[in-house]
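# turn this into a model:
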Amino acid sequence: MKKKSIKDIAQDLGLSKTTVSFVLNNKGDEKNISKKTQIKILDYVKKVDYHPNQIAKSLKQGQTNTIGYLVPDISNPFFAKIGRLLEDYFWEKGYHLLIGSTDENKDKETQVLNMFVNRQVDALIVASCFIQSDTIKSLLSRDFPLVFFDREDPDIIANYILVENKISMKGAVERAIELKSKKLGLITLTPDVYSLKNRIEGYKMALENKNIPFDDQLIRIVDNNDLKKGTEKELKTLIESGVDTIVFTNNQIAVIAIWLMNTYYKDKVNNIKFVSFDNVDLFDYSLPKVISVAQPIDKIAKYSTEIIENILSSKKSENKRIELTPKLIERK
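Numbering: from 1, shown residues only. Presented below is the predicted three-dimensional model:
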């Protein structure tokens, strides 16, 4: 059965389309439409199960009450937890969250961003590796409501919600050294990402500060397209090189490494320490023991929401850069 339109309802009831529209938009009293006519329209709408076309309605109003949330991988607990908080915050304000993953792929990021824009999202919250892409530059040139988090490009002026990466990683690695670590390897995803570069730099600073020679062969890079296989390969390399501590630039590879250790290196789980930037609940009861840098997820979501709300309400963006301090968690 074909869905009824406002035009169909008006014809069925012998009324004007404008009259029906006013009543459905709660303007019956304002437009001096009789209570009898209003009840007649509302009863008939209920009878035929009429629902307005929300997309058409939103476009007419100039907003869709949707926010785009774009991250490298929504299955990563860090991004998932932030997304969950954003969804709750925006839901209370009458907005819906559209979610997409880029897999750190420039073409996919561009396609998903364009999809969001074509769907007329009111704003975007993005963790991007490609802030200098033509698509993002175009959005920024149009003052499109946009907040970046987790990733930064110092050459691009925009709204950023960031966590201090370098000094936080330095502190975590130094703590491991204070706990008798002497040979520390590092496993990272693509080191071209600005935040990961800073975490690697923090690792190097800690070694220098604690008078431990730096060996570039102990920095291992995992292919983002196959995290499990890549982590397995690089973990094996570091263990065979005799490291007593492994540093991870994000929690995903640390979690995979915990599984690998308990599957293939059970005899070493008590002899090797892990240091991870990012934190997950698994670290509380897993072996090897993990020193982790816990990012303030609630604050990242809160500040992202506030910036977007301010832009949407004032139609102005003053470009804020907020840098938050994470928490060091040591497990014994």
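# from here on, contacts and neighbour counts on C-alpha atoms
OK.
# which residue, other than its chain neighbours, is closest to Asn65?
Of all residues not flanking Asn65 in the chain, Tyr95 sits nearest, at 4.7 Å (CA to CA, 6 or more residues apart in numbering).
# wait, that neighbour sits on Leu86?
No - the criterion here is CA atoms under 8 Å, and Tyr95 misses it with Leu86 at 10.0 Å.
# comparing these two, which residue is more hemmed in?
Remark: of Tyr95 and Leu86, Leu86 carries more neighbours, 23 against 17, as counted by other CA atoms under 10 Å.
# how about the helices in the stretch 51-200 of the chain?
54-61, 77-92, 106-118, 134-141, 166-178, 194-209 (DSSP state H, counting those that start in this stretch).
# what packs against the third one?
It refers to helix 106-118. Under the contact definition 3 or more CA pairs under 8 Å, 6 or more residues apart in numbering; DSSP states H and E, helix 106-118 sits against strand 66-71, strand 96-101, helix 134-141.
# next SSE after the helix ranked longest in the chain?
Longest helix in the chain, counting residues (DSSP state H): helix 297-314. Later in the chain than helix 297-314, the nearest helix or strand by DSSP states H and E is strand 321-324.
# so what touches the helix or strand just after that next one?
Scanning forward in sequence from strand 321-324 by DSSP H and E, the next helix or strand is strand 327-329. If you take CA atoms under 8 Å, 6 or more residues apart in numbering as the criterion, strand 327-329 is touched by 168, 172, 291-296.
# same thing but at 6 Å, please
291-294 (CA atoms under 6 Å, 6 or more residues apart in numbering).
# farthest-separated two in those residues?
By the measure CA to CA, Ile291 and Ala294 form the most distant pair in the contacts of strand 327-329, at 9.6 Å.
# and these two? Which one has more around it.
The neighbour comparison of Ile291 against Ala294 (other CA under 10 Å) goes to Ile291, with 25 against 20.
# measure the more buried one to Lys233 for me?
22 Å (CA to CA, to the nearest Å).
# buried residues in the helix or strand hosting Val247?
Following DSSP H and E, one finds Val247 within strand 245-248. Neighbour-count burial for strand 245-248, counted by 16 or more other CA atoms under 10 Å, picks out 245-248.
# could you do stretch 74-85 as well?
If you call a residue buried by 16+ other CA under 10 Å, then stretch 74-85 has these buried ones: 74, 77-79, 81-83, 85.
# next, format the helices of the stretch 51-200 of the chain as CSV and append distance to Gln252.
Shown next, in CSV, are the helices of the stretch 51-200 of the chain (distance: least, CA to CA, whole Å):
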stretch, distance to Gln252
helix 54-61, 37
helix 77-92, 8
helix 106-118, 20
helix 134-141, 27
helix 166-178, 16
helix 194-209, 13
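# out of those, the one nearest Val20 is which?
That would be helix 54-61 among the helices of the stretch 51-200 of the chain, by CA to CA, at 14.8 Å.
# what's the mean pLDDT across the closest one?
In this model, helix 54-61 has a mean pLDDT of 49.
# swap in stretch 249-266?
96.
# hey, C-alpha coordinates of that stretch in PDB?
C-alpha atoms of stretch 249-266 as PDB (Å, rounded to 0.1, in the frame of the first residue of the first chain):
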ATOM      1  CA  THR A 249      52.000   3.200  20.700                       C
ATOM      2  CA  ASN A 250      48.400   2.100  20.900                       C
ATOM      3  CA  ASN A 251      46.200  -0.400  22.700                       C
ATOM      4  CA  GLN A 252      45.100  -2.500  19.700                       C
ATOM      5  CA  ILE A 253      48.500  -3.900  19.100                       C
ATOM      6  CA  ALA A 254      49.200  -4.300  22.800                       C
ATOM      7  CA  VAL A 255      46.000  -6.400  23.200                       C
ATOM      8  CA  ILE A 256      47.000  -8.600  20.200                       C
ATOM      9  CA  ALA A 257      50.500  -9.000  21.700                       C
ATOM     10  CA  ILE A 258      49.000 -10.100  25.100                       C
ATOM     11  CA  TRP A 259      47.100 -12.800  23.300                       C
ATOM     12  CA  LEU A 260      50.300 -13.800  21.300                       C
ATOM     13  CA  MET A 261      52.400 -13.900  24.500                       C
ATOM     14  CA  ASN A 262      49.900 -16.200  26.200                       C
ATOM     15  CA  THR A 263      49.600 -18.400  23.200                       C
ATOM     16  CA  TYR A 264      53.200 -18.800  22.000                       C
ATOM     17  CA  TYR A 265      55.400 -17.400  24.800                       C
ATOM     18  CA  LYS A 266      53.900 -18.500  28.100                       C
END
